[in-house]
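Student: Following is a predicted model, sequence given first.
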Amino acid sequence: MPISSVESRDARLHLEIRGLSAGYGPVPVIRDLDAGVALGEVVAVVGPNGAGKSTLLKAVLGVLEPMAGEIILDGRQIGGKPTDRIARMGVGYVPQVKDVFETLTVVENLEMGGYALPRREVAGRIEEIFELYPALAQMRSRHGGHLSGGERKMLAMGRVMMTRPSLLVLDEPTAGLSPQLAHELLHTHVRRLAETGAAVLLVEQHAREALAISDWSYVLASGQVLRSERAATLLEQPDLGQIFLGQIAEPVK
């Protein structure tokens, strides 16, 4: 999705985060944070450890209740709602760990992902997932516990896509993968999610790889947005290493 300007992108945001503060006690981890994702784009959230990336995701998913601010999905307030309600409103989540049911086959995992669908639609939707991820079709009878790391992530994404969520939240999807598998996962499978028309919010440890497949980026440091710009523009910055380490810590105004 080409984005001609910040203004035009803001008008098309599917997920809007406005002035968000959240944390685990009286002192917020993230403070007055603004961010957003448009349909059909991948947005990368990068930054050093402890920057607040996980806190941001937990607030979006309903694990943490916002201390202040708004989280709006397609015009509807989701901040503070229960996680199951947020999922029914169109938010899919691929966690860093425990991403598949190891004792179930690939098909059974996909069936679990389609639990909310009318039963008559499940088989057809599974075939659509196999068209999206042809490699899964070749291992439909294999158990989740017998899949490689890359295959597990592919299955986890396919399972989440069963209900056609409008927003996909991916938490460190390449964790534990080799550089080659991480590259393939991001460049092929994550981009494919956005190409279905979904909005993709990506937190990723391989920051350069994440930016290479993303449309927009947010750099977090000390719980605030340090940079908000096109991912390609951020990749061109000569001080990129310092940015990721949080050594340039003046937040955007």
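Tutor: Arrived safely, thanks for sending.
Student: Now do the helices in the chain.
Tutor: With DSSP state H as the definition, the chain shows helices at residue ranges 6-11, 53-61, 83-88, 106-113, 119-132, 134-137, 149-161, 179-184, 191-195, 207-212, 231-235, 240-244.
Student: Residue 182 and residue 188: what is the separation?
Tutor: To residue 188, residue 182 is 11 Å away according to C-beta to C-beta, to the nearest Å. The way it works is simple: take the backbone N, C-alpha and C, and place the C-beta from them, glycine included.
Student: The two: which is more packed in?
Tutor: residue 182 (22 against 13; other C-beta atoms under 10 Å).
Student: so who does that one touch?
Tutor: 174, 206, 209 (C-beta atoms under 8 Å, 6 or more residues apart in numbering).
Student: Just among those residues, which is most surrounded?
Tutor: When neighbours are counted by other C-beta under 10 Å, residue 174 leads the contacts of residue 182 with 24 neighbours.
Student: is it true that it touches residue 203?
Tutor: No. Shown here, residue 174 and residue 203 do not form a contact pair, counting by C-beta atoms under 8 Å, at 10.8 Å.
Student: Give the closest residue to residue 70 in space, chain neighbours not counted.
Tutor: residue 18 (4.6 Å; C-beta to C-beta, 6 or more residues apart in numbering).
Student: tally of neighbours for the one you found?
Tutor: Applying other C-beta under 10 Å, we find 15 residues neighbouring residue 18.
Student: Same question for residue 120.
Tutor: The number of residues packed around residue 120, counting by other C-beta under 10 Å, is 7.
Student: Low-confidence regions, the stretch 1-150 of the chain specifically.
Tutor: 1-8, 11 (pLDDT under 70).
Student: can we see that at 50?
Tutor: Applying pLDDT under 50 to the stretch 1-150 of the chain flags residues 1-4.
Student: Point out where the stretch 151-253 of the chain drops to low pLDDT.
Tutor: 248-253.
Student: quick one: buried residues of stretch 180-195?
Tutor: By 16 or more other C-beta atoms under 10 Å, the buried positions in stretch 180-195 come out as 181, 182, 183, 184, 185, 186, 189, 190, 191, 192, 193, 194.
Student: and what of stretch 28-35?
Tutor: For stretch 28-35, the neighbour count (16+ other C-beta under 10 Å) marks 28, 29, 30, 31, 33, 34, 35 as buried.
Student: Could you dump those into a markdown table with distance to residue 82 added?
Tutor: Formatted as a markdown table, the buried residues of stretch 28-35 follow (distance: C-beta to C-beta, whole Å):
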| residue | distance to residue 82 |
| --- | --- |
| 28 | 21 |
| 29 | 21 |
| 30 | 21 |
| 31 | 24 |
| 33 | 22 |
| 34 | 24 |
| 35 | 22 |
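Student: Nothing else from me, thank you.
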